[in-house]
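Enquirer: Got a sequence here, can you build the structure:
(4 chains)
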There are 2 protein chains.
Amino acid sequence: MARVPTSKDVARIAGVSQSTVSYVMSGKRPISARTRRLVEDAMQQLTYQPHAGARALASQRTNVIGLVVPFRSEVNAHGLMAFVEEIALSARAHDHDILMVTADEGTAGLQRLAGRSLCDALVMMEISTHDVRVPVVRALGVPALLIGLPGDTTGLHCVDFDFETGATLLVDEVADLGHERACVLAWPAGFAGGDMNYVPRFRGAAEATARRRGVELSWREVPRGRENVDHVLEEVLGGGGTPPGLVCTSQLSGIVSGLQRRGLRTGADVDLLALTTDAEAEAEEVPVSGVSTQPRDVSRRAMRTLFQLLDGVPPQGAVELVPAELTRRSSSRRPPQDAAAG
Amino acid sequence: MARVPTSKDVARIAGVSQSTVSYVMSGKRPISARTRRLVEDAMQQLTYQPHAGARALASQRTNVIGLVVPFRSEVNAHGLMAFVEEIALSARAHDHDILMVTADEGTAGLQRLAGRSLCDALVMMEISTHDVRVPVVRALGVPALLIGLPGDTTGLHCVDFDFETGATLLVDEVADLGHERACVLAWPAGFAGGDMNYVPRFRGAAEATARRRGVELSWREVPRGRENVDHVLEEVLGGGGTPPGLVCTSQLSGIVSGLQRRGLRTGADVDLLALTTDAEAEAEEVPVSGVSTQPRDVSRRAMRTLFQLLDGVPPQGAVELVPAELTRRSSSRRPPQDAAAG
DNA sequence: CTGTTAGCGCGTTCAC
DNA sequence: GTGAACGCGCTAACAG
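Expert: Have a look, this model is predicted:
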């Protein structure tokens, strides 16, 4: 464990002054080719790396992004991992690192990260309508980016998936398939604390579209557990007659199993669409059609605007929605040409 | 965005010197009750928090642990999240934070974290037998803790699950159930890079136990995908007669579905045991018996010894294995009393 | 028990 | 185009 080389060592070996080394690194001043080579060679030779603490102290910038991770989230683990990985990758692409705090630290985590100057900016996910952390970040005055929409977005920067358009696409597809009835197998009542506003956003758009298309829409919350799934499916499908077009927003695999138990093949006996990630949709034995919530896209956009903020680019909008797209796989029939075109 | 208060401000308001403030915080010197109150009141009043960079510069300690996360891992996402969350929680319990780097940064990430003094120690997961990162951490001389065992553990500290005992428990259970044949539905050939030594460790112990118990053991690698699962199950179960006791080490849900497709009920028509996490085992419709790899336990032990290292406690052993336990759920019958006792 | 002082390693004015 | 000098906020010897 030999002593770590400092910029002073580099300067000595290169035969220049310490500040010259600094300018070679930052590029904030023109440096002659010869001097630059001398310095860079010295750095290589020593495998020099700047001390993060010293740099943070002098420059007031840590090159670290604080990320609040909701481990106890009810959304699927794969989706969460996708968010986090993509955020980490984006950060590295901008020469930043990620300091991770768990969401269950609540506001204390935020105050620590900001107050101790552990990071330059914050990223938070799973924002609820009345999220207690929101007023805190606002007051903190730290650059922040929220993934999800709080009720009041004033003074904030948010990125979220466009659930409204997602709902529209899904219900439109059900209508295009000729169904007179649609059923949304929806998030259970207390899902993720019961205060996620994408639920009413999705529902509002779904109902509006159903009205527009003359489709009868029923909204069924599906509690966890096999019995509950079976019970809801019995209510929805037990009456006989043509089953309604199904739109599933959570617990996809549980519902797919439930349909299997009833002897229904998705894409043949019943049309199933889902709001979920591509990965989850494709993991089912019969790949599921529907709208992807695109966690990676959302993360990328979030980080893009976050770095614009850090670079002093004037923010163009407080709220950014990632557009929804419908992907047809095998769990639903293909609509007739004319309907699809309409 | 007013100026952040410093310890100098605290000192001025408390009417003491800056170093006294420092000693109140660190407790490295006895402080009179009166002075302590003065200082703490001033801190409260200013909502003072020490500057992490400045502290790191002066103390040579960052209070940050670097964590290398293998996002692209083939092990299940839930298990990975459990590891990471538990590590984050343990870190906070010791007043440390987690700096996260992705495993695909390779050795570059390690050198950056260590070279720039971004953290005091490293935690790495998914260590393979000839992991290229291992010689690097060794050379770096940074306190490190590996979750998993490299081929050569000299000079390192490792924590892993006790796969040998796990295998023994599983095969013993199959024997206790009266089976003359056992079949391990094993990791596919190139799993996680094909160099994870828990595979041969598990296999060796499984085969030794089978020999000891007079059970005929077959080892079948199960490649991904429904067709592959079905194909292997056909080979294993197609011959008619009593099916062998099944031990599954990966792709549990795919295999459970495959058994379902063959009309076999686990726990009745066939005994199924698994090596997996409790969460995954209990997520199946018929909860699966077997041995849990205990990601949270492994993480906790890892962090415990890591902090002992950081606190200068002499390390008691280079390799620590988390003991295996068998949990009986519904996917396998209960062995007769006398056998279980044996 | 407390205050004084000298760094920690780097960024950034100034002079040259 | 370059170097000397100061400050960032905190810790830890050294005095008293």
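Enquirer: can we go C-alpha only for contacts and neighbour counts from here?
Expert: Will do.
Enquirer: hang on, isn't A:Arg224 packed against A:Gly190?
Expert: No - counting by CA atoms under 8 Å, A:Arg224 sits too far from A:Gly190 to count as a contact (10.8 Å).
Enquirer: So for those two, which residue has more residues nearby?
Expert: Shown here are A:Arg224 and A:Gly190; by other CA atoms under 10 Å in any protein chain shown, A:Arg224 has more neighbours (14 against 11).
Enquirer: and that one, helix, strand or coil?
Expert: coil (DSSP: H, G, I helix; E, B strand; the rest coil).
Enquirer: Just to confirm, what confidence does the model report for it?
Expert: pLDDT recorded at A:Arg224 is 90.
Enquirer: show me the contacts for it.
Expert: Counting by CA atoms under 8 Å, 6 or more residues apart in numbering or on different chains, A:Arg224 makes contact with A:Pro188, A:Gln251.
Enquirer: now do 6 Å
Expert: A:Arg224 sits next to no residue when contact means CA atoms under 6 Å, 6 or more residues apart in numbering or on different chains.
Enquirer: What backbone torsions are found at it?
Expert: phi -60, psi 160 (degrees, to the nearest 10).
Enquirer: next one: phi and psi at the residue nearest the centre of chain A?
Expert: Computing the C-alpha centroid of chain A and ranking residues by CA atoms, centre = their mean puts A:Pro295 first, at 4.1 Å. Main-chain torsions, A:Pro295, degrees, to the nearest 10: phi -60, psi -40.
Enquirer: after whichever strand or helix holds A:Ala167, next one along is what?
Expert: Per DSSP states H and E: A:Ala167 is located in helix A:163-176. Downstream of helix A:163-176, the next assigned helix or strand under DSSP H and E is strand A:181-186.
Enquirer: Just give the strands next to that following strand in its sheet, each with its orientation.
Expert: Sheet pairing of strand A:181-186 (DSSP bridges) gives strand A:216-221 (parallel), strand A:245-248 (parallel).
Enquirer: Need the ones you listed in TSV (columns: mean neighbour count and mean pLDDT).
Expert: What follows is the strands paired with strand A:181-186, written out as TSV (neighbours: other CA atoms under 10 Å in any protein chain shown; pLDDT from 0 to 100):
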stretch	mean neighbour count	mean pLDDT
strand A:216-221	18	98
strand A:245-248	25	98
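Enquirer: want to throw these into TSV with distance to DNA strand C?
Expert: Shown next, in TSV, are the strands paired with strand A:181-186 (distance: least, CA to the nearest atom of the strand, whole Å):
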stretch	distance to DNA strand C
strand A:216-221	54
strand A:245-248	51
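Enquirer: Dump these to JSON lines, plus distance to B:Ser128.
Expert: Below are the strands paired with strand A:181-186 laid out as JSON lines (distance: least, CA to CA, whole Å):
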{"stretch": "strand A:216-221", "distance to B:Ser128": "45"}
{"stretch": "strand A:245-248", "distance to B:Ser128": "40"}
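Enquirer: Mind checking those strands for the one nearest to A:His51?
Expert: Proximity to A:His51 (CA to CA) singles out strand A:245-248 among the strands paired with strand A:181-186, at 50.7 Å.
Enquirer: And the contacts of the closest one?
Expert: Contacting residues not belonging to strand A:245-248 are listed as A:Val174, A:Ala182, A:Cys183, A:Val184, A:Leu185, A:Asp271, A:Leu272, A:Leu273, A:Ala274 [CA under 6 Å, 6+ apart].
Enquirer: one more time with 10 Å
Expert: Strand A:245-248 is contacted by residues A:167, A:170-171, A:173-175, A:177-187, A:217-222, A:236, A:255-256, A:266, A:270-276, A:289-290, A:332 when judged by CA atoms under 10 Å, 6 or more residues apart in numbering or on different chains.
Enquirer: And the host helix or strand of A:Ala91, what's buried?
Expert: A:Ala91 is located in helix A:77-93, with elements delineated by DSSP H and E. Within helix A:77-93, the residues scored as buried using 16 or more other CA atoms under 10 Å in any protein chain shown are A:77-92.
Enquirer: Could I have the CA atoms of stretch A:142-160 written out in PDB?
Expert: The C-alpha trace of stretch A:142-160 is given here as PDB (Å, rounded to 0.1, in the frame of the first residue of the first chain):
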ATOM      1  CA  VAL A 142     -30.200  20.700  -5.400                       C
ATOM      2  CA  PRO A 143     -30.600  19.900  -9.100                       C
ATOM      3  CA  ALA A 144     -33.000  16.900  -9.100                       C
ATOM      4  CA  LEU A 145     -34.800  14.800 -11.500                       C
ATOM      5  CA  LEU A 146     -37.900  12.800 -10.600                       C
ATOM      6  CA  ILE A 147     -39.000   9.700 -12.500                       C
ATOM      7  CA  GLY A 148     -42.700   9.900 -12.100                       C
ATOM      8  CA  LEU A 149     -45.000  12.800 -11.500                       C
ATOM      9  CA  PRO A 150     -45.900  14.300  -8.100                       C
ATOM     10  CA  GLY A 151     -49.200  16.200  -7.800                       C
ATOM     11  CA  ASP A 152     -47.400  19.600  -7.900                       C
ATOM     12  CA  THR A 153     -44.500  19.800 -10.300                       C
ATOM     13  CA  THR A 154     -43.700  23.500  -9.900                       C
ATOM     14  CA  GLY A 155     -40.000  24.100  -9.800                       C
ATOM     15  CA  LEU A 156     -39.200  20.500 -10.600                       C
ATOM     16  CA  HIS A 157     -38.000  18.400 -13.500                       C
ATOM     17  CA  CYS A 158     -39.900  15.200 -14.100                       C
ATOM     18  CA  VAL A 159     -39.800  12.400 -16.600                       C
ATOM     19  CA  ASP A 160     -42.400   9.700 -16.900                       C
END
